[in-house]
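Student: build me a structure from this.
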Amino acid sequence: MKIYLRSYKNMKTNEDKIYSFLGLATRAGKIVSGDDSTLLELKRGNINLVIVAEDASDNTKKMFSDMCVFYEVPKYFFGNKEDLGHAIGKAMRSSLAITDENFANILMEHLKQYGNCK
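Tutor: So this is what the prediction gives:
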């Protein structure tokens, strides 16, 4: 009888899963990134989820918090600018938004489990 043990090195953390889903959503064309583009699409009503980097400026965090409350869109503070940009294959990004409802729902589940998100 063989016993197979999972290696902990191969198991992805919840944070890794979030970055992987962000990359997948980018390849599917369901991500809007950058402050201006995110705000524009938020005003148009095309956004299902907003993610703001934890190391974004206080002004940026407040602006997105207020806009998301006004437009009734969920927002989370997650990661840092460099990692968010790297996950979507671009330069540093302080904010990004998900336009697809299914991707948004999956990411929200993982973000809630991550624990440091608001």
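Student: show me the shaky parts of this structure.
Tutor: 1-12, 115-118 (pLDDT under 70).
Student: which residue is nearest the centroid of it?
Tutor: Ile51 (4.3 Å; C-alpha atoms, centre = their mean).
Student: tell me who's in contact with the nearest residue to Ala25 once chain neighbours are set aside.
Tutor: Take Ala25 and drop its neighbours on the chain: the residue closest to it by C-beta to C-beta, 6 or more residues apart in numbering is Phe103, 4.6 Å away. Where you see a C-beta, it was placed from the backbone N, CA and C, and this is true even at glycine. Going by C-beta atoms under 8 Å, 6 or more residues apart in numbering, Phe103 touches 21, 24-25, 28, 30, 48-49.
Student: so Phe103: helix, strand or coil?
Tutor: helix (DSSP: H, G, I helix; E, B strand; the rest coil).
Student: for Thr60, see how far away it is.
Tutor: According to C-beta to C-beta, to the nearest Å, Phe103 stands 23 Å off from Thr60.
Student: which ones are touching Arg27?
Tutor: Contact analysis of Arg27 by C-beta under 8 Å, 6+ apart lists nothing.
Student: so His110 is in contact with Phe21, correct?
Tutor: Yes. If you go by C-beta atoms under 8 Å, His110 and Phe21 touch, sitting 6.8 Å apart.
Student: want to throw the contacts of Phe103 into JSON lines with distance to Tyr114 and secondary structure?
Tutor: Formatted as JSON lines, the contacts of Phe103 follow (distance: C-beta to C-beta, whole Å; DSSP: H, G, I helix; E, B strand; the rest coil):
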{"residue": "Phe21", "distance to Tyr114": "12", "secondary structure": "helix"}
{"residue": "Leu24", "distance to Tyr114": "17", "secondary structure": "helix"}
{"residue": "Ala25", "distance to Tyr114": "17", "secondary structure": "helix"}
{"residue": "Ala28", "distance to Tyr114": "22", "secondary structure": "coil"}
{"residue": "Lys30", "distance to Tyr114": "20", "secondary structure": "coil"}
{"residue": "Asn48", "distance to Tyr114": "18", "secondary structure": "coil"}
{"residue": "Leu49", "distance to Tyr114": "14", "secondary structure": "strand"}
